[in-house]
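# output the structure for:
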Amino acid sequence: MFYSCKYQFENISLYLVATETHLINIQFTQPQKALLQTTELLSMATIQLDEYFQGNALYFLYHLN
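Model (predicted):
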């Protein structure tokens, strides 16, 4: 199963897509075959994106698979 969540930072909207165990995509459009539901992994990925866009992240702990 695929899960997705919408990430918003200033005027940037991104959709993160993940399985139960892996972040698999970051895209500009809402995914068609993913359940729009935040998971623990997606929540952690959004925290890291916040750090990145604020200039505080040196690397991501979750790599795209």
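
# list the contacts of residue 19.
By C-beta atoms under 8 Å, 6 or more residues apart in numbering, the residues touching residue 19 are 1-3. Backbone N, C-alpha and C define where each C-beta goes, glycine included.

# out of the residues you listed, which is most surrounded?
Of all those, the most densely surrounded is residue 3 (19 neighbours; neighbours counted as other C-beta atoms under 10 Å).

# what's opposite that one in the beta bridge?
Residues in a beta bridge with residue 3, per DSSP bridges, are residue 18, residue 35.

# tell me the pLDDT at it?
Per-residue pLDDT puts residue 3 at 97.

# which element is the residue lying closest to residue 43 once chain neighbours are set aside on?
With sequence-adjacent residues excluded and distances taken as C-beta to C-beta, 6 or more residues apart in numbering, residue 43 is closest to residue 5, at 7.9 Å. Using DSSP states H and E, residue 5 sits in strand 3-9.

# what packs against that strand?
Counting contacts by 3 or more C-beta pairs under 8 Å, 6 or more residues apart in numbering; DSSP states H and E, strand 3-9 is packed against strand 12-18, strand 35-36, helix 40-53.

# so which of those is nearest residue 26?
For the helices and strands packed on strand 3-9, the distance to residue 26 is smallest for strand 12-18, at 5.5 Å, taking C-beta to C-beta.
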